[in-house]
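**Student:** Give me the fold of what follows.
(one chain, ligands or ions: 2)
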Amino acid sequence: MKIFDKAFRVMQQLESRGYEAYLVGGAVRDHLIGKQVGDLDIATSATPNQVMQVFDKVIPIGIEHGTVLVRFEGESFEITTFRTEGAYSDYRHPDSVHFVTDVTADLARRDYTVNAIAMNRNGELVDPFDGRDAIERQELVTVGNAYDRFHEDPLRMMRGVRFVSQLGYKLDDDARNVIKEQRLWLTRIAIERVAIEMEKLCGGNYVKTAAHLLDETGLWEAMPIFCDQPELMSEVASRIKPLGSFAEWIALCSLLSGISVMEWVKEWKLSKSIKQDAQNLVQMIHSDIDAWSVYQLPVHLDPGYCCLMEICKERDVQDELSSIRRKLPISNGSELAISGGDLISLFPDRKKGSWIRDLLLASEKAVVENRIKNEKNKLKEWIIHGHDA
Ligand code: ATP
Ligand code: MG
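**Tutor:** Ligands and ions are numbered 1, 2, ... in the order given. Just a heads-up that it's a prediction; the model follows:
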């Protein structure tokens, strides 16, 4: 419980003013399962204004939903007032939020019973929907009627499949059937929010099971690009291994569908870093494994690359890749022994321009390919005599 010590002190401060406070959500769930705990969310009977009076450093990050961020002993905690929610006509924010004083009413608005357990600072649980039982049975059951809960917020369908991927639990039959029948409700959700769940899904150990579930329920029909490629999700599901990242999933989808990474990025509104990683992976899959191509592949993509090579080309390249990587004389451009400044002083009469970048790149490639030693004088000599750029 050591990880909770600070959160418990935050809760104690609230309790000392007469309010109730509990740890809620993913942290309680993951702690009970024995998984590593992520962010710590606190729920309280105090209203946001009352919370602001208890702590010195408070940032009102989502005050209309009752959430404030409290800085406490160098850490941040999200503190949310117990609330119930009305309908979601914009499928993003509930139409009305009612603050309540009863923790059970707050737990009732949560999506799955495993996520609807509260813990007080003595470690005692409030578990009105039998979330612990669901953990024992390894089952994801909606709090209340699945049809109503998914109708209120269709993102919960996607969250369910994401938890299948992260926890390896079974999605309960009711939830699964409603997803099958009402899968197109998901199209009402902004793609960015679906992508966030997809990103977490891709990191799960049970990604293969989750991909089969996306296929079998037809949830793919509510997803850009997949909806036009009826076989794609089933192909992904049959081939995918726990890859670890969304970029790797996108690279695989692009390789299987023949649709460019750019198009995936545009349709799914993905971030620049996912775009770059996915493009790097696809490019590398199409290249030879030589010093220069390995050098250009960011090292964090090595596991994904090996996995994709196994999936797409049935080749185990791990040893080859690590052996090339170990022998690389430099690992990035900043280690090159010559700089733009050196080149300018080497050619004082030349006007500054793209020749500097071209020469640096040529030098980098020559060093990486072991054609020249990474030493300033050797490089200068090579540039003056041995190089025709
Ligand atoms: P993670 O490990 O990814 O943080 P989490 O369960 O903590 O998982 P969050 O998105 O951080 O998920 O949400 C915190 C809690 O808020 C959830 O555990 C759940 O109780 C509730 N919650 C989040 N999103 C929804 C939703 N769309 N509908 C109902 N309850 C939700
Ligand atoms: Mg969380």
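**Student:** only C-alpha atoms for contact and neighbour calcs from this point on.
**Tutor:** Fine.
**Student:** what about the strands in the stretch 251-389 of the chain?
**Tutor:** Using DSSP state E, counting those that start in this stretch, the stretch 251-389 of the chain contains no strands.
**Student:** can you list the weak-confidence ranges in it?
**Tutor:** Applying pLDDT under 70 to the stretch 251-389 of the chain flags residues 387-389.
**Student:** one more time with 90, if that's ok
**Tutor:** 348, 352, 384-389 (pLDDT under 90).
**Student:** which residues of it fall in helices?
**Tutor:** Taking DSSP state H, counting those that start in this stretch, the helices of the stretch 251-389 of the chain run over residues 261-268, 272-285, 291-296, 302-313, 318-327, 340-346, 354-368, 376-381.
**Student:** can I get the ones you listed in CSV with distance to Ile63?
**Tutor:** What follows is those, written out as CSV (distance: least, CA to CA, whole Å):
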stretch, distance to Ile63
helix 261-268, 29
helix 272-285, 30
helix 291-296, 45
helix 302-313, 40
helix 318-327, 50
helix 340-346, 51
helix 354-368, 50
helix 376-381, 58
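**Student:** would you list these in CSV and tack on distance to ligand 1 and mean neighbour count?
**Tutor:** As requested, the helices of the stretch 251-389 of the chain are exported to CSV (distance: least, CA to the nearest ligand atom, whole Å; neighbours: other CA atoms under 10 Å):
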stretch, distance to ligand 1, mean neighbour count
helix 261-268, 19, 17
helix 272-285, 19, 19
helix 291-296, 32, 18
helix 302-313, 22, 19
helix 318-327, 31, 14
helix 340-346, 45, 13
helix 354-368, 41, 17
helix 376-381, 49, 15
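**Student:** Out of these, which gets nearest to Glu199?
**Tutor:** Comparing the helices of the stretch 251-389 of the chain by their distance to Glu199 (CA to CA), the top pick is helix 272-285, with 9.9 Å.
**Student:** other SSEs contacting the closest one?
**Tutor:** Applying 3 or more CA pairs under 8 Å, 6 or more residues apart in numbering; DSSP states H and E, one finds that helix 272-285 contacts helix 246-257, helix 261-268, helix 302-313.
**Student:** Mind doing that once more with 7 Å?
**Tutor:** Applying 3 or more CA pairs under 7 Å, 6 or more residues apart in numbering; DSSP states H and E, we find helix 272-285 packed against helix 246-257, helix 261-268.
**Student:** Can you give the distance of that helix from its chain's centre?
**Tutor:** Centroid separation for helix 272-285 versus its chain: 16 Å, with CA atoms, centre = their mean, to the nearest Å.
**Student:** and what of stretch 33-40?
**Tutor:** Computed by CA atoms, centre = their mean, the chain-centroid distance of stretch 33-40 equals 16 Å.
**Student:** which residues are in contact with that stretch?
**Tutor:** 27, 30-31, 77 (CA atoms under 7 Å, 6 or more residues apart in numbering).
**Student:** Can you give me the end-to-end span of that stretch?
**Tutor:** 15 Å (CA to CA, to the nearest Å).
**Student:** where does this protein come near ligand 1, residue by residue?
**Tutor:** 25-26, 38, 109-111, 115-116, 155-156 (CA under 6 Å from any ligand atom).
**Student:** Report the lowest-confidence entry in those residues.
**Tutor:** Ranked by pLDDT, these bottom out at Gly38, which scores 88.
**Student:** how many neighbours does it have?
**Tutor:** 11 (other CA atoms under 10 Å).
**Student:** In a strand, it, correct?
**Tutor:** No - according to DSSP: H, G, I helix; E, B strand; the rest coil, Gly38 belongs to no strand; its state is coil.
**Student:** show me what contacts the residue of the stretch 201-350 of the chain found nearest ligand 1?
**Tutor:** Ranking the residues of the stretch 201-350 of the chain by distance to ligand 1 (CA to the nearest ligand atom) places Leu201 first, at 9.7 Å. The neighbourhood of Leu201, defined by CA under 7 Å, 6+ apart, consists of 162, 165-166, 207.
**Student:** Tally up the residues packed near the nearest residue to Lys378 once chain neighbours are set aside, please.
**Tutor:** In space, and not counting its chain neighbours, Lys378 is closest to Ile372: 7.3 Å by CA to CA, 6 or more residues apart in numbering. Neighbour count of Ile372, defined by other CA under 10 Å: 15.
**Student:** Using the record, which stretches count as separate domains in the protein?
**Tutor:** Per automatic domain parsing, the domain ranges recorded for the chain read 1-131, 138-244, 268-328, 333-386.
**Student:** Select, out of those domains, the one closest to Ile259.
**Tutor:** Nearest of these (CA to CA): domain 138-244, 8.7 Å.
**Student:** residue contacts, Tyr112?
**Tutor:** Tyr112 touches 140-143, counting by CA under 7 Å, 6+ apart.
**Student:** Can you add pLDDT and give those back as TSV?
**Tutor:** Output for the contacts of Tyr112, formatted as TSV (pLDDT from 0 to 100):
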residue	pLDDT
Leu140	98
Val141	98
Thr142	98
Val143	98
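**Student:** ChimeraX command to pick out the buried ones of the residues you listed?
**Tutor:** Of these, the buried ones can be selected in ChimeraX as follows, counting by 16 or more other CA atoms under 10 Å:
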select :140,141,142,143
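**Student:** Other residues contacting stretch 250-262?
**Tutor:** Stretch 250-262 is contacted by residues 232, 236, 275, 278-279, 281-282, 308 when judged by CA under 7 Å, 6+ apart.
**Student:** For Asn120, find the nearest of the helices of the stretch 251-389 of the chain.
**Tutor:** Taking the helices of the stretch 251-389 of the chain one by one with CA to CA, helix 272-285 is closest: 38.8 Å.
**Student:** now that closest one and helix 302-313, what's the angle there?
**Tutor:** Helix 272-285 and helix 302-313 are oriented at 50 degrees to each other (axes from the mean of the first three to the mean of the last three CA atoms, to 10 degrees).
**Student:** which other residues reach helix 272-285?
**Tutor:** Residues outside helix 272-285 that contact it (CA under 7 Å, 6+ apart): 247-248, 250-251, 261, 265, 293, 297, 305, 309.
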